[in-house]
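Enquirer: Predicted structure and sequence below. I'll ask about it afterward.
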Amino acid sequence: MKTQLSLAGILTLLAACAPQESVPSSRSDGGSGVNTVERLYGKTPAETYAAAVAAVRSFDLSLDRDWHDAMGGEVVGHRADGHCVTVKVDAIDSNNSRTSVRVEPGDSNMAQMIHEKIADKLGVGPAREAFVSTNSEGAVYDADLQTSLNAAERTAKALGWTVTGKEMHDTWAQLDARAADSNPARFKITRVEDGPGKIRVTFIAGSGKSETNQTMIARMREDLDRQLGGHAK
């Protein structure tokens, strides 16, 4: 009897973690996949798939499937509660990949966390000011922290970027986002000591100087200027 129950449990787990092509992608959203989180990465399919496997392993998930070729692959694992995690990597071209993450039964927050871990493994974690190469610039605005943070979020959405994090504190705030290719950006907002009702916004993209990062910064500043009505003189 114990053997039969154990076998039944194993078969149930395998059925739950079957590849997405064989079962509906969600039990909670009618199989529509609305909680599947997809991102593009400016990395080769091989690099992205390796990062996906490393990300899944970093969350202490048990791997049930690990298949890949030159065009991408699929890694399927399950959590301690038996819910499945499926990460699929597809080649867009030799240097760019499309990656989708699905966490049953529709946990999009966990899917976002896995994406952030994939980005970190690929060397494109959250944007930070570099010590050497300029990848940031700043401007002062007549606004308070909350107004500026809200404007930064509107700016990210207007640019078609995904907001990945938002923090609000007594004297500073920041918003993290990712462009369509998952390149990171950050709006760092701080109060200006020598002027009431003034804040400084530092625009950061990537972690070093590049044409892509400078273009992102220019777009961030231009749209935030519009959102806040221009920066203070």
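Expert: It's in. These numbers were taken from a predicted model, which means no experiment stands behind them. Numbers count the residues shown, from 1 in each chain.
Enquirer: mind listing what's buried in stretch 200-215?
Expert: Within stretch 200-215, the residues that qualify as buried are Arg200, Val201, Thr202, Phe203, Ile204, Ala205, Gly206, Ser207, Asn213, counting by 16 or more other Cβ atoms under 10 Å. The way it works is simple: take the backbone N, C-alpha and C, and place the C-beta from them, glycine included.
Enquirer: pLDDT (mean, whole number) over it?
Expert: On average, the pLDDT along stretch 200-215 is 88.
Enquirer: Hmm, Arg186 and Glu167 touching each other?
Expert: No: contact criterion Cβ atoms under 8 Å: Glu167 and Arg186 do not qualify, at 10.4 Å.
Enquirer: For those two, indicate the residue with more neighbours.
Expert: Taking other Cβ atoms under 10 Å, Glu167 and Arg186 do not tie; Arg186 has more neighbours (23 against 12).
Enquirer: For that one, list the residues it contacts.
Expert: Pro126, Ala127, Arg128, Gln174, Leu175, Asp176, Ala177, Thr202, Phe203, Ile204, Ala205 (Cβ atoms under 8 Å, 6 or more residues apart in numbering).
Enquirer: hmm, back to that, out of the buried residues of stretch 200-215, who's nearest Gly72?
Expert: Distance to Gly72, by Cβ to Cβ, is smallest for Gly206 among the buried residues of stretch 200-215, at 24.7 Å.
Enquirer: what about Ala91, is that helix, strand or coil?
Expert: The three-state label for Ala91, taken from DSSP: H, G, I helix; E, B strand; the rest coil, comes out as strand.
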